[in-house]
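> sequence first, predicted coordinates after that:
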Amino acid sequence: MAKTEETTNPPVNSTTRDLVEQRIRAAAKAALSVEPDEVEVARPQAAEHGDFATNLAMKLARELRRRPQDIAADLVKGLTAKTDGLIERAEVAGPGFVNLWLNAARVEAAVDEIRAAGLAYGRTQTASPRRINVEFVSANPTGPLTVGNARGAFVGDLLCRVLEGVGHQVEREYYFNDSGAQVDRLGESVIALSQGQPVPEDGYHGDYVAELAAELPAAASASAREAGVWASEQVRAGIERSLENLGVHFDVWKSEGSLHTDGWVERGIERLKDAGHMYEQDGALWFRSTEFGDDKDRVVIRANGEPTYFASDIGYLVEKFSRGYDELIYVWGADHHGTVARLKNAAQGLGFDRDAVKVLLIAWVHFVRDGEEVSMSKRTGEFVTLDELLDEVGVDAARWFFASRAPSTGIDFDIELAKKESSENPVYYVQYAHARISSILRKAADEGLSASATLAGGLADDPVALGLAKELLALPDIVRDAAAVEETQAITTFATNLATTFHAFYRDRRVVDPADPATSAHRLALVDATRVTLAAALGLLGISAPESM
C-alpha cells in the first residue's frame with residue numbers, strides 16, 4: 001500500500017477536505033514512515049464525531065502488522081504535533097478511526113473566502129481537465145418535446161453543469177434523426193392534411209401537424225421525404241426554442257443524415273474493415289462484435305444495401321473523436337441498454353479507448369396529476385408538451401425535481417406538489433432561505449448595521465454559529481463528488497440541509513441587534529456567506545436565487 005516514490009502533484013484549488021487529506025498524509029509519513037496510496041476522508045454524520053474522519057489506520061494494519069488502534073494513536077500524535085492552523089484536535093475512535101476537528105480560526109478564514117468568491121464558490125479546477133462531449137435529449141423531430149423527453153433534457157444539462165463546475169470543457173450536443181421512416185410518415189401526414197385528406201393510420205396526429213400542413217411550401221410537397229425533412233426542421237427549431245426556455249443551450253445540432261452525406265459512416269466502415277473487424281454473410285455486412293465480448297455479431301449494412309442505425313453509430317463515433325474530445329457521454333433512456341455494449345465495442349474496434357465512451361442510462365419518469373398518470377403519445381396527438389409543463393410548474397421547480405433524483409431511479413413527478421409555494425416544495429424551501437437572508441441583510445442596513453469584513457475571532461465561542469460555518473465548507477467537495485459519479489442529487493441534499501441549519505441558527509441567535517453591533521457584524525457576515533453558498537449551489541443547478549418571495 002505504501003509508495004516508495006513521491007506522491008502525485010497536489011490537486012488544483014484544494015478544498016478543506018483536500019487540506020485535511022494532505023495533513024493526514026504528512027502525519028503518516030512523519031509518525032509511521034509510510035506514504036499511503038489512498039487516504040479516505042469522510043464527514044461524520046454526527047458532529048460529536050468530529051468534522052472529518054479517516055479509516056487509514058485500519059487500512060494500514062495488515063501492511064504494518066500492528067493493531068489499528070495503535071496506528072491511529074500514532075497518527076493522532078502526528079496530526080497534533082504540527083501546529084498549522086488547520087487541525088484543532090484529533091482522537092482515536094472505535095476500532096481505529098481517527099476523528100478530527102478543524103481549528104475555529106481556519107473555519108472563520110474559509111467563511112471570509114466564501115464571501116470573496118461569490119457565485120464562483122463551490123467550483124474548483126481539476127488537475128486533469130478533459131474536453132467532453134455530452135449528447136442528450138436527441139428526440140426525433142416528429143413532434144414537440146413532450147414531458148416524456150423532459151428527464152433527458154434536465155439530466156443532461158445538470159451533468160454538463162457539474163462537469164464544468166470542476167473545470168472540464170463541456171460541449172452539449174443534440175443528435176436528431178432526419179432520415180428515418182418516421183420522417184417519411186410525418187411528411188405523409190403533413191401532405192395529407194395540406195390536401196384535405198385524412199392522416200394515414202400510421203401517421204402523426206395533433207394540432208401541430210395541422211399547423212405544419214398550413215405552412216407547407218409547394219417546393220417541399222413533392223414527396224413524403226421532402227415534406228418530412230421540411231417539417232422535421234420546423235419541429236427541430238421549435239424543440240430548440242423549448243430547450244432555450246428551459247435554460248438548456250446546445251453547442252452542436254448534428255443530423256443523422258449528415259453522417260452519411262459527409263462520408264463519416266463510410267469512413268467508419270472502412271476503418272473497421274482495415275482492422276479486420278468486418279465480414280460479409282448472406283449478402284449483409286457484419287461487425288465482429290463477439291470479438292469484444294458481445295453475445296452476437298451485428299449487422300451494419302443490410303442485404304438490401306440499406307445501412308442500420310448501428311452504421312450511423314459507427315460513423316458518429318469517428319466524427320465525434322475527430323473533433324478532439326477526450327470523452328464522449330451519451331445520455332440515453334433505459335430502453336437503450338441493449339445498444340451500450342455494441343457502441344463501446346465499435347469504439348474499441350475503431351481504435352479508440354472504449355472507456356472514453358460512457359453511456360448514462362436514465363429511467364423513465366411518470367407524470368402524475370391528482371394521483372392519475374398523465375398519458376402521452378405523439379402518434380395519437382395526446383401528450384403534454386415540455387412548454388406546457390414549464391408554464392404550469394416553473395423552470396426552477398422542474399429543475400430541482402430532476403436534480404434531486406438519481407438518473408437511474410424511476411420516479412413519479414407530482415405536478416401539483418411542484419406548484420406549491422410552501423415548505424412541502426423543497427425548492428421553495430431552499431429559495432425561501434436565500435430570500436430570508438436577503439431580507440435580514442436589508443433590515444440590518446436599515447438599522448445601520450453591516451457585516452464584518454472579516455470573521456477573525458467572531459465565531460470561536462459560539463458552537464451554533466461555528467456549526468453553520470462548517471457546513472458551508474462542504475460545497476466544493478459536494479460538487480467534485482457529483483462530477484465524479486455524474487449525479488447531482490447530493491447538491492440538492494446539501495442545499496436543503498443548509499437551509500434547515502440556517503433556519504435553526506436564526507431561530508436560536510439574534511442576528512440584527514443594534515444594542516450589540518459587534519456580534520451582529522459577525523453574525524451578518526456568517527449569514528451573508530450562507531446566502532452566497534445557497535446561491536452558488538442553486539446556480540450550479542440552473543435554479544434562481546430570489547432576494548424576495
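On my side now, so go ahead.
> quick one: the strands in the stretch 201-350 of the chain?
In the stretch 201-350 of the chain, the strands defined using DSSP state E, counting those that start in this stretch lie at 252-255, 278-281, 284-287, 298-301, 327-333.
> any idea how far the first one is from the chain center?
Spelled out, it's strand 252-255. Here the centre of strand 252-255 is set off from its chain's centre by 22 Å, with C-alpha atoms, centre = their mean, to the nearest Å.
> pLDDT below threshold where in the stretch 1-150 of the chain?
Residue ranges of the stretch 1-150 of the chain with pLDDT under 70: 1-12.
> where does the nearest residue to residue 136 once chain neighbours are set aside land on pLDDT?
The shortest distance from residue 136 to any non-neighbouring residue, by C-beta to C-beta, 6 or more residues apart in numbering, is to residue 156 (2.6 Å). Heads up, the C-betas are built off the backbone N, CA and C, glycines and all. According to the prediction, residue 156 has pLDDT 96.
> can you check residue 364 too?
Value for residue 364, per-residue pLDDT: 82.
> look up how far residue 336 lies from it.
Distance, residue 364 to residue 336, using C-beta to C-beta, to the nearest Å: 12 Å.
> between the two, which is the more surrounded one?
The neighbour count for residue 364 versus residue 336, taken as other C-beta atoms under 10 Å, is higher for residue 336 (14 against 11).
> thinking again about what came up before, out of the strands of the stretch 201-350 of the chain, flag the one nearest residue 86.
Residue 86 lies closest to strand 327-333 among the strands of the stretch 201-350 of the chain, at 34.4 Å (C-beta to C-beta).
> what residues does residue 193 make contact with?
199, 209-210, 213 (C-beta atoms under 8 Å, 6 or more residues apart in numbering).
> likewise residue 191?
213, 216, 221, 224, 227 are the contacts of residue 191 under C-beta under 8 Å, 6+ apart.
> that one looks like it's in a helix, true?
Yes. Residue assignment for residue 191, taken from DSSP: H, G, I helix; E, B strand; the rest coil, places it within a helix.
> A strand includes residue 521, no?
No. Applying three-state DSSP, one finds residue 521 to be helix, outside a strand.
> so for it, what's the pLDDT?
pLDDT, residue 521: 97.
> does residue 101 count as helix, strand or coil?
strand.
> hey, what's it bridged with?
Under DSSP bridges, the beta-bridge partners of residue 101 are residue 89.
> so it touches residue 89, yeah?
Yes. Between residue 101 and residue 89 there is a contact under C-beta atoms under 8 Å: 5.0 Å.
> out of those two, which sits in the busier spot?
Comparing residue 101 with residue 89 by other C-beta under 10 Å, the one with more neighbours is residue 101, at 17 against 13.
> what's the separation between the closest residue in space to residue 111 that isn't next to it in sequence and residue 449?
Closest residue to residue 111 apart from its sequence neighbours, by C-beta to C-beta, 6+ apart: residue 529 at 4.7 Å. Distance, residue 529 to residue 449, using C-beta to C-beta: 16 Å.
> and residue 458, that's in a strand?
No. Counting by three-state DSSP, residue 458 is not found in a strand; it is coil.
> correct me, but it touches residue 520?
No. Contact status for residue 458 versus residue 520: not in contact, 10.4 Å apart, counting by C-beta under 8 Å.
> any idea how far the closest residue to residue 133 other than its chain neighbours is from residue 353?
Leaving out its chain neighbours, the residue that sits closest to residue 133 by C-beta to C-beta, 6+ apart is residue 325, at 4.6 Å. From residue 325 across to residue 353, the span is 11 Å (C-beta to C-beta).
> dump the residue contacts of the residue nearest the centre of the chain.
Compute the mean C-alpha point of the chain, and by C-alpha atoms, centre = their mean the closest residue is residue 159, 2.5 Å away. Going by C-beta under 8 Å, 6+ apart, residue 159 touches 134, 136, 329, 331, 360, 486, 488.
> rerun that using 10 Å as the cut-off
Contact analysis of residue 159 by C-beta atoms under 10 Å, 6 or more residues apart in numbering lists 132, 134, 136, 170, 172, 329, 331, 360, 407, 482-483, 486-488.
> look up how far residue 542 lies from it.
In terms of C-beta to C-beta, residue 159 sits 12 Å off from residue 542.
> count of residues packed around the nearest residue to residue 226 once chain neighbours are set aside?
Nearest residue to residue 226 in three dimensions, chain neighbours excluded: residue 220, at 5.2 Å (C-beta to C-beta, 6+ apart). Per other C-beta under 10 Å, the neighbour tally for residue 220 reads 21.
> let me know the pLDDT of residue 220.
90.
> let me see the contact set for it.
With C-beta under 10 Å, 6+ apart, residue 220 has these contacts: 187, 190-191, 194, 226-231, 233-234.
> from these, which would you call buried?
For the contacts of residue 220, a burial check counting by 16 or more other C-beta atoms under 10 Å picks out 187, 190-191, 194, 227-231, 234.
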